[in-house]
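Novice: no sequence on hand, only this structure:
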């Protein structure tokens, strides 16, 4: 029983979940800052975001297996279906069951945002599968980074804010771009580690296209751009809140240096570290906004 639970936890890839949580947390901070916070739609958004990402993680494992992209004994975390721990048919059923739960939760947002949220939810559902599946899987054509920017940055932050406030916010948009850039870095670490395996599988990630040297530089620059993009917000927050970008940049730079100096399985912890940096940043930003309401 314990082994079965561990196998499914590995398939859900908990280390990546801070990517989906961070966007919602940051949006809550902006809404509270602007006196538009509403706890119920915010909680629904959080549950939906986690379920959507778990769906994407399950789908990624299943469809990579079907394409023959994953190999036994891979450098990255163990893949249950590839190693024979999970039956492919079972993983497929669980993937679509999780997607169905996400859709049900997402529909609970309609009273807060209107029926027009349905096509938005449908787009998110399609993305959860299209990252690795379909006739033109995004992760195989160098579009994974753009997809992360949109669906882990722009969409969760702006729409979490919208269902609380009933309006859009320029500050929420700034935060969404920042969170999206940090989310890209999580994907970069994953693809940085898997470059050789992805080349063998014909998977054209940005790391495969441009190489590890460029990817490493992009990782560093992306984190710094994420912080400086919020300059208008730092000016308004002032005081101790200015320590937040400094703390993040220190953590980010340390993780980047480790990225350049490690290889193979030694890169696995950096996936969690990048997500941790992102979540800490989002939490501290939200706290600063809550304590310095406009």
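Specialist: Structure's in. What do you need? Quantities reported herein were computed from a predicted structural model and do not represent experimental measurements. Numbering: from 1, shown residues only.

Novice: now do the helices in the stretch 101-250 of the chain.
Specialist: In the stretch 101-250 of the chain, the helices defined using DSSP state H, counting those that start in this stretch lie at 110-113, 117-130, 144-149, 155-165, 170-193, 195-201, 206-210, 212-228, 231-237, 243-261.

Novice: can you put these in a markdown table and add mean pLDDT?
Specialist: Formatted as a markdown table, those follow (pLDDT from 0 to 100):
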| stretch | mean pLDDT |
| --- | --- |
| helix 110-113 | 96 |
| helix 117-130 | 91 |
| helix 144-149 | 95 |
| helix 155-165 | 97 |
| helix 170-193 | 97 |
| helix 195-201 | 89 |
| helix 206-210 | 96 |
| helix 212-228 | 98 |
| helix 231-237 | 95 |
| helix 243-261 | 97 |
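
Novice: nearest to residue 90, of these?
Specialist: Nearest to residue 90, of all the helices of the stretch 101-250 of the chain, is helix 117-130, at 17.2 Å by C-beta to C-beta. The way it works is simple: take the backbone N, C-alpha and C, and place the C-beta from them, glycine included.

Novice: gap between the closest one and the chain center?
Specialist: With C-alpha atoms, centre = their mean, to the nearest Å as the basis, helix 117-130 stands 15 Å off its chain's centre.

Novice: is residue 94 in contact with residue 55, as I believe?
Specialist: No. Checked against C-beta atoms under 8 Å, the pair residue 94 and residue 55 is beyond contact range at 9.3 Å.

Novice: on that earlier part again, select, out of the helices of the stretch 101-250 of the chain, the one closest to residue 22.
Specialist: helix 170-193 (5.7 Å).

Novice: what comes up buried for the closest one?
Specialist: 171-172, 174-193 (16 or more other C-beta atoms under 10 Å).

Novice: repeat for stretch 251-264
Specialist: Neighbour counts over stretch 251-264 (16+ other C-beta under 10 Å) mark 251-252, 255-256, 259 as buried.

Novice: the more surrounded of residue 94 and residue 55?
Specialist: More crowded of residue 94 and residue 55, by other C-beta atoms under 10 Å: residue 55, with 26 against 18.

Novice: pLDDT value on that one, please?
Specialist: If you check residue 55, the pLDDT there is 94.

Novice: ok, residue 70 next?
Specialist: At residue 70, the model reports a pLDDT of 66.

Novice: before we move on, what about residue 1?
Specialist: Confidence score, pLDDT, at residue 1: 53.

Novice: ok, now the one 5 residues further on?
Specialist: We note a pLDDT of 82 for residue 6 in this prediction.

Novice: re earlier: which stretch among the helices of the stretch 101-250 of the chain comes nearest residue 102?
Specialist: Among these, helix 117-130 comes nearest to residue 102, with 7.1 Å by C-beta to C-beta.

Novice: what's the angle between the closest one and helix 155-165?
Specialist: If you take axes from the mean of the first three to the mean of the last three C-alpha atoms, to 10 degrees, helix 117-130 sits at 160 degrees to helix 155-165.

Novice: what is helix 117-130 packed up against?
Specialist: Packing partners of helix 117-130 (3 or more C-beta pairs under 8 Å, 6 or more residues apart in numbering; DSSP states H and E): helix 39-67, helix 88-107, helix 155-165.

Novice: ok, now how distant is the closest residue to residue 272 other than its chain neighbours from residue 270?
Specialist: Leaving aside its sequence neighbours, residue 272 sits nearest to residue 15 (C-beta to C-beta, 6 or more residues apart in numbering; 4.0 Å). Distance from residue 15 to residue 270, counting by C-beta to C-beta, to the nearest Å: 10 Å.

Novice: from memory residue 151 sits against residue 127, does it?
Specialist: Yes. Counting by C-beta under 8 Å, residue 151 does reach residue 127; the two are 5.1 Å apart.

Novice: the more surrounded of the two?
Specialist: Neighbours were counted for residue 151 and for residue 127 using other C-beta under 10 Å; residue 151 has more, 25 against 19.

Novice: can you give me the pLDDT of that one?
Specialist: pLDDT recorded at residue 151 is 93.

Novice: before we move on, what about residue 286?
Specialist: In this model, residue 286 carries a pLDDT of 97.

Novice: neighbours of it, how many?
Specialist: When neighbours are counted by other C-beta under 10 Å, residue 286 registers 22.

Novice: check which helix or strand covers it.
Specialist: Element membership for residue 286, per DSSP states H and E: helix 268-291.

Novice: just the buried residues of that helix, please?
Specialist: 268, 270-286, 288-289.

Novice: do stretch 206-218 as well
Specialist: Across stretch 206-218, burial judged by 16+ other C-beta under 10 Å covers 206-208, 212, 215-216, 218.
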